[in-house]
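A.B. asks: no FASTA, just this:
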């Protein structure tokens, strides 16, 4: 009796090795059971070798770029934070400086309120220049009143009372004129001091030696040349200083000396003819001094107007760039104060030019001996010049008192 053999349990799970070679069972292939111990199995029929799995380079570059971008963002955030801190500190400093400027403006206004007009006139009348301006105002005010009195008010008739008033006013006008001549005597000492100050310079300006004048040895050739050119008179240090002085200083010196000679002639100490010649020469010096002053005034006005345009253009460019008084308080405050200072200086330069023009008109009638409208023109121009010069001197003394009040 034949027995039937059953396959083992292992044969049920997979075919035997002999069945794979059996031609009857070759088309029916059953894959082997999945082994849990191995994570990867190769297909036995595949002709390609297995590949080792590697991490993705794209993922690595993505994470690397992300980390770099995060670090860059962190650095930018730190820089912006530092910049904001610096800007905040700068804004605090600017605010403090603006507060200081505002406090200074307040102190200046309070000091200006403390300075009274009587104090300014008091300090002006202490000096001879201030008294000269006050007497000039009174002199030409009387002269203008006499002009209107004789040609407008009492043109038809002159009673005895009016004639007495006119006589006394004429005496007062002449007295003020003579008093002013006495007050400005010895004004030539100021330009003479400037001339002599050049002589006290320790080093010579004419020679190449760096030794002082008193220790410099004078060679024989220079002595011979000085004797041939004019002798020891022209080699005198005072005369050489006079020749090397600026023309405006020399004009002021000669004008002062001529005025003093005319004043001495009015006192009776010098002849009248010499006094008239000295007065004529003083008028010519006054004319040239006025012309030089107009030239210098024009140059100063050009410089001040150029500085004004520079400040205004800077403020205009800042406004175009978006800067305002709130964003840049310090710069705007400084520009505002500088512009106010330049405008004030420009104003007084304009007043000085108007005064010089009045002087030029006044002296031209005497220089060229113009007869028509002489009294009218000289009265009006003299009063205008007196008002302008007095106002300028008043502002000068007032500014000095305000500065003293600020320091005290």
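C.D. replies: Structure received. A quick note: this is a predicted structure, and the numbers were derived from the prediction, not measured. Numbering: from 1, shown residues only.

A.B. asks: Report the secondary structure state of residue 375.
C.D. replies: helix (DSSP: H, G, I helix; E, B strand; the rest coil).

A.B. asks: Now do it against residue 167, distance only.
C.D. replies: Computed as C-beta to C-beta, to the nearest Å, the residue 375 to residue 167 distance reads 17 Å. Any C-beta I mention is one placed from the backbone N, CA and C, and that applies to glycine too.

A.B. asks: where along the stretch 101-250 of the chain do the strands fall?
C.D. replies: Shown for the stretch 101-250 of the chain, no strands are assigned by DSSP state E, counting those that start in this stretch.

A.B. asks: what about residue 375 and residue 167, which has more around it?
C.D. replies: Neighbour count, other C-beta atoms under 10 Å: between residue 375 and residue 167, residue 375 has more, with 13 against 10.

A.B. asks: Now that one. Nearest residue, chain neighbours left out?
C.D. replies: Spatial nearest neighbour of residue 375, chain neighbours left out: residue 147 (6.4 Å); criterion: C-beta to C-beta, 6 or more residues apart in numbering.

A.B. asks: Would you mind giving both backbone torsions of residue 270?
C.D. replies: When read as degrees, to the nearest 10, the backbone of residue 270 gives phi -130, psi 150.

A.B. asks: my guess is it contacts residue 261, does it?
C.D. replies: Yes - if you go by C-beta atoms under 8 Å, residue 270 and residue 261 touch, sitting 6.4 Å apart.

A.B. asks: Now for the residue lying closest to residue 146 once chain neighbours are set aside, how many residues are close by?
C.D. replies: Closest residue in space to residue 146, ignoring its immediate chain neighbours: residue 169 at 5.6 Å, by C-beta to C-beta, 6+ apart. Neighbour count of residue 169, defined by other C-beta under 10 Å: 15.

A.B. asks: name the helices or strands packed onto whatever helix or strand residue 341 lives in?
C.D. replies: In this structure, residue 341 sits in helix 329-367 according to DSSP states H and E. The contact analysis (3 or more C-beta pairs under 8 Å, 6 or more residues apart in numbering; DSSP states H and E) places helix 329-367 against helix 57-114, helix 272-320, helix 374-407.

A.B. asks: And it, what's buried?
C.D. replies: 329-333, 335, 338-339, 342, 345-346, 349, 351-353, 355-366 (16 or more other C-beta atoms under 10 Å).

A.B. asks: Give me the residues contacting stretch 358-366.
C.D. replies: 283, 286-287, 290-291, 294, 370, 374, 377-378, 381-382, 384-385, 388 (C-beta atoms under 8 Å, 6 or more residues apart in numbering).

A.B. asks: Report the buried members of those residues.
C.D. replies: For these, a burial check counting by 16+ other C-beta under 10 Å picks out 283, 286, 287, 290, 294, 378, 381, 382, 384, 385, 388.

A.B. asks: want to throw these into JSON lines with distance to residue 106 and pLDDT?
C.D. replies: What follows is those, written out as JSON lines (distance: C-beta to C-beta, whole Å; pLDDT from 0 to 100):
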{"residue": "283", "distance to residue 106": "50", "pLDDT": "96"}
{"residue": "286", "distance to residue 106": "45", "pLDDT": "95"}
{"residue": "287", "distance to residue 106": "48", "pLDDT": "96"}
{"residue": "290", "distance to residue 106": "42", "pLDDT": "96"}
{"residue": "294", "distance to residue 106": "39", "pLDDT": "96"}
{"residue": "378", "distance to residue 106": "47", "pLDDT": "96"}
{"residue": "381", "distance to residue 106": "42", "pLDDT": "97"}
{"residue": "382", "distance to residue 106": "41", "pLDDT": "96"}
{"residue": "384", "distance to residue 106": "37", "pLDDT": "97"}
{"residue": "385", "distance to residue 106": "37", "pLDDT": "97"}
{"residue": "388", "distance to residue 106": "31", "pLDDT": "97"}
